[in-house]
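Engineer: Next one to model:
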Amino acid sequence: MATLQRTTAKVFYYARNVMRDIAPQAIFRRRLASRLQQARLSDEAVRRRLNHYNKLQDAFTPGPDAVRIDKIPFEPSMYYYDLKEFARYFDRSLLIDLKFGDVIGVPKLPTLVKDRPIRADNGNAVVMKFNKFRHFHMPLDTVAFADKRPAVVWRGDLNNPIRTRFLDVARDLPFCDAGSHKRSAPAKYSKPFLSISQHLRYRYIVSLEGNDVATNLKWIMNSNSLCLMPPPTYETWFGESQLEAGIHYAPLDPDFADLGEKVRYFEGHPAAAERIIAAANAYCRKFSNERDEHAISLLVLYKYFVLGGQIEPDPELWRFIGG
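Structural biologist: Here you go, the predicted structure:
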């Protein structure tokens, strides 16, 4: 259930992006050179993230289904606006291969996506910060770990066998409040809906992948609760492949047989839980640096267009990208 604050933020998100679309787009294109010059002055962390999201090294040709920047499909609207926020700085005739929505495979051609499988050969999946209003909602948590309920919580759709396997282990454990709030859930798995703020009353929150990444991972790691999860198999702009088990989250075995053991350990060693929470919070903070987020987004697109043979590279900027 959306809060008034969240609803207001959504209205502002759409209003701001509609105004950008109404404005003469030439205004943005004239600013590209200065924006890229600013991006070139960024630090090594920006370059590292840029080249993680866009792993392309070789020249390529856009595919037959590539779309012009001024013809990007409007649906889903949040994907459209998240791409146009940065694509509008480039010539409107430039071509982009893109896939909106959940992507569970690696495209055959270099393609802009929200997510990709975590594996060595995923370079054709060029990650952009799509659907960020939903995936990067990280509300402030003011309740200390010690003051939370000493129990495990999870809610979600049973759209993945992993989630059903977890509930088969957790649903009858006395220290777990785990289930699905969806009407389609079997009665034995059914539990009432919980808001994010209600989740944050618990010390331990489980994050489980669904169709692709786990949407709740970002706000859990930004909170004062401890994230419990199996190692991720998909990644987004959040860089899930960069997360370290035992450093940024408490790992769970794929069969969840160690769930009780992990909770007992951290109940007996709260300082260990708080160290992981502090590292997770620090990991999340970089995504609130709007200057870096804008620079990386522009550079991901710039690199894509250069290697796609659509832009002649500026030598100094290309040297920055290459390191």
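Engineer: I'd say Arg68 and Arg92 touch.
Structural biologist: Yes: contact status for Arg68 versus Arg92: in contact at 6.5 Å, counting by C-beta atoms under 8 Å. Where you see a C-beta, it was placed from the backbone N, CA and C, and this is true even at glycine.
Engineer: Going along the chain, name the helices of the stretch 51-200 of the chain.
Structural biologist: 77-87, 132-135, 161-170, 196-199 (DSSP state H, counting those that start in this stretch).
Engineer: For the last one, which outside residues touch it?
Structural biologist: Outside of helix 196-199, the residues within contact range by C-beta atoms under 8 Å, 6 or more residues apart in numbering are His137, Pro139, Val153, Arg155, Ile205, Asn216, Trp219, Ile220, Ser225.
Engineer: Recalculate using a threshold of 6 Å.
Structural biologist: Under the contact criterion C-beta atoms under 6 Å, 6 or more residues apart in numbering, helix 196-199 has outside partners Val153, Ile205, Trp219.
Engineer: what's the neighbour count on the residue nearest to Glu316 when sequence neighbours are not counted?
Structural biologist: Excluding the flanking residues, the one nearest Glu316 by C-beta to C-beta, 6 or more residues apart in numbering is Arg40, at 6.4 Å. Arg40 has 18 neighbours, counted by other C-beta atoms under 10 Å.
Engineer: Model confidence for Arg40, exactly?
Structural biologist: Predicted confidence (pLDDT) for Arg40: 86.
Engineer: Against Ala257, how distant is it?
Structural biologist: 50 Å (C-beta to C-beta, to the nearest Å).
Engineer: if we can go back for a sec, state the phi and psi torsions of the residue nearest to Glu316.
Structural biologist: phi -60, psi -20 (degrees, to the nearest 10).
Engineer: And for the one 5 residues further on?
Structural biologist: Main-chain torsions, Ala45, degrees, to the nearest 10: phi -60, psi -40.
Engineer: What degree of burial does it show, as a neighbour count?
Structural biologist: 12.
Engineer: related to what we said a few turns ago, quick one, which of the helices of the stretch 51-200 of the chain is nearest to Leu301?
Structural biologist: helix 77-87 (5.7 Å; C-beta to C-beta).
Engineer: and that closest one, what does it pack onto?
Structural biologist: helix 290-307 (3 or more C-beta pairs under 6 Å, 6 or more residues apart in numbering; DSSP states H and E).
Engineer: what is the mean pLDDT for the helix it packs on?
Structural biologist: 96.
Engineer: What are the contacting residues of the longest strand anywhere in the chain?
Structural biologist: Longest strand of the chain, by residue count under DSSP state E: strand 149-155. Strand 149-155 is contacted by residues 175-178, 181, 194, 199, 201-206 when judged by C-beta under 6 Å, 6+ apart.
Engineer: Could you identify which of the residues you listed has the most neighbours?
Structural biologist: Counting by other C-beta under 10 Å, top hit in the contacts of strand 149-155: Val206 with 28 neighbours.
Engineer: Not counting residues beside it along the chain, what's closest to Val213?
Structural biologist: Tyr234 (4.7 Å).
Engineer: Just give me the neighbour total for the residue lying closest to Asp314 once chain neighbours are set aside.
Structural biologist: Spatial nearest neighbour of Asp314, chain neighbours left out: Leu36 (7.2 Å); criterion: C-beta to C-beta, 6+ apart. Look at Leu36: counted by other C-beta under 10 Å, it has 18 neighbours.
Engineer: now the angle from the helix or strand that contains Leu36 to helix 77-87?
Structural biologist: According to DSSP states H and E, Leu36 maps onto helix 32-40. Angle, helix 32-40 to helix 77-87, by axes from the mean of the first three to the mean of the last three C-alpha atoms, to 10 degrees: 90 degrees.
Engineer: Buried ones in helix 32-40, by neighbour count?
Structural biologist: For helix 32-40, burial by neighbour count (16 or more other C-beta atoms under 10 Å) applies to Leu32, Arg35, Leu36, Ala39, Arg40.
Engineer: do the same with stretch 213-230
Structural biologist: 213-230.
Engineer: cool, and stretch 78-98?
Structural biologist: 78-90, 94-98.
Engineer: just the strands in the stretch 101-250 of the chain please.
Structural biologist: Secondary structure of the stretch 101-250 of the chain (DSSP state E, counting those that start in this stretch): strands at 111-113, 116-117, 125-127, 149-155, 176-179, 202-206, 226-229, 234-235, 250-251.
Engineer: any chance of these in JSON lines, with mean pLDDT too?
Structural biologist: Formatted as JSON lines, the strands of the stretch 101-250 of the chain follow (pLDDT from 0 to 100):
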{"stretch": "strand 111-113", "mean pLDDT": "98"}
{"stretch": "strand 116-117", "mean pLDDT": "97"}
{"stretch": "strand 125-127", "mean pLDDT": "98"}
{"stretch": "strand 149-155", "mean pLDDT": "98"}
{"stretch": "strand 176-179", "mean pLDDT": "97"}
{"stretch": "strand 202-206", "mean pLDDT": "98"}
{"stretch": "strand 226-229", "mean pLDDT": "98"}
{"stretch": "strand 234-235", "mean pLDDT": "97"}
{"stretch": "strand 250-251", "mean pLDDT": "98"}
